[in-house]
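Colleague: just a sequence and a predicted model for now, questions to come.
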Amino acid sequence: TVMAVNGSNFVVKDETGLMFCYKYGATVGDVVTLEGTFEEYQGLKEFKATTYTKASTASVDYGTATELNSSNVAAYVKNPVVQYVKAKATVAADGSLKVGNVAVYQYGNSLTSYAGLKINLYGYTLGYNTTKSNIVLLQTSVEIDQTAPYLSVDATSKTWASDETDPAVFTVTTNTAGVK
């Protein structure tokens, strides 16, 4: 069953485990038969599918994610495997994030809208880049870490005359009850 997809990269799961695959046209939930060859890619064996045959469609259950954190990320780089993970991190202004000293390069939607927020990024680890400074992750979902309080304020742009009496309007967003 295809578990996650981004462009030409996808993860398939069967009774033997998870496998990183390369072929355009995969869809999450496809139950497939694959033919192809294995190659080394980003520290993992990648299956390069030459034939992709869809037999049916199934619902996808990701199961419980393994937390990727500063205490286990270095061990992952030494021995990469495809696994479903949750990476807790604060998103930088450019949308990047790090777990410990290792950057997480993710295939999926841009994270720039989460800049400055602590998030939980869920997905499948797909090895590392050539310098082993980035773990590659195929994103399945993102959520704001509700255990980390945040507050954002957006002001409505307004120009005042010297005798202006109208109040300025601000939109305040928080995840912490009672914060005003």
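Modeller: Sure thing, it's come through. Numbering: from 1, shown residues only.
Colleague: every contact and neighbour count from this point should use C-alpha atoms.
Modeller: Noted.
Colleague: who's in contact with the nearest residue in space to residue 44 that is not next to it in sequence?
Modeller: In this structure, residue 44 finds its nearest non-sequential neighbour in residue 127, 5.7 Å apart by Cα to Cα, 6 or more residues apart in numbering. Residue 127 makes contact with 41, 42, 43, 44, 77, 80, 81, 82, 135, 136, 137 under the criterion Cα atoms under 8 Å, 6 or more residues apart in numbering.
Colleague: where in this structure is pLDDT low?
Modeller: Along the chain, the model assigns pLDDT under 70 to residues 148-162, 167-168, 170, 172-180.
Colleague: run the last query once more with 90
Modeller: 6-10, 14-17, 19-26, 38-52, 68-81, 87-118, 125-139, 144-180 (pLDDT under 90).
Colleague: restrict the contacts of residue 127 to the buried ones and give me that as a ChimeraX selection.
Modeller: Command for ChimeraX, covering only those of these found buried under the criterion 16 or more other Cα atoms under 10 Å:
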select :42,43,44,77,80,81,82,135,136,137
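Colleague: dump the residue contacts of the residue positioned nearest the centre of the chain.
Modeller: Centroid-nearest residue in the chain: residue 139, 3.1 Å away (criterion: Cα atoms, centre = their mean). Residues in contact with residue 139 (Cα under 8 Å, 6+ apart) are 4, 106, 107, 108, 109, 121, 122, 123, 124.
Colleague: also residue 136?
Modeller: By Cα under 8 Å, 6+ apart, the contact list for residue 136 reads 104, 105, 106, 107, 125, 126, 127, 128, 129.
Colleague: which one in the chain is furthest away from the centre?
Modeller: If you look at how far each residue of the chain sits from its centre, by Cα atoms, centre = their mean, the farthest one is residue 163, at 50.4 Å.
Colleague: and it, how far is that from residue 56?
Modeller: Look at residue 163 and residue 56: by Cα to Cα, to the nearest Å, they are 69 Å apart.
Colleague: distance to residue 99 and secondary structure added to the contacts of residue 127, as TSV?
Modeller: Below are these laid out as TSV (distance: Cα to Cα, whole Å; DSSP: H, G, I helix; E, B strand; the rest coil):
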residue	distance to residue 99	secondary structure
41	22	strand
42	18	coil
43	18	coil
44	20	strand
77	12	helix
80	15	coil
81	17	coil
82	17	coil
135	9	strand
136	12	strand
137	12	strand
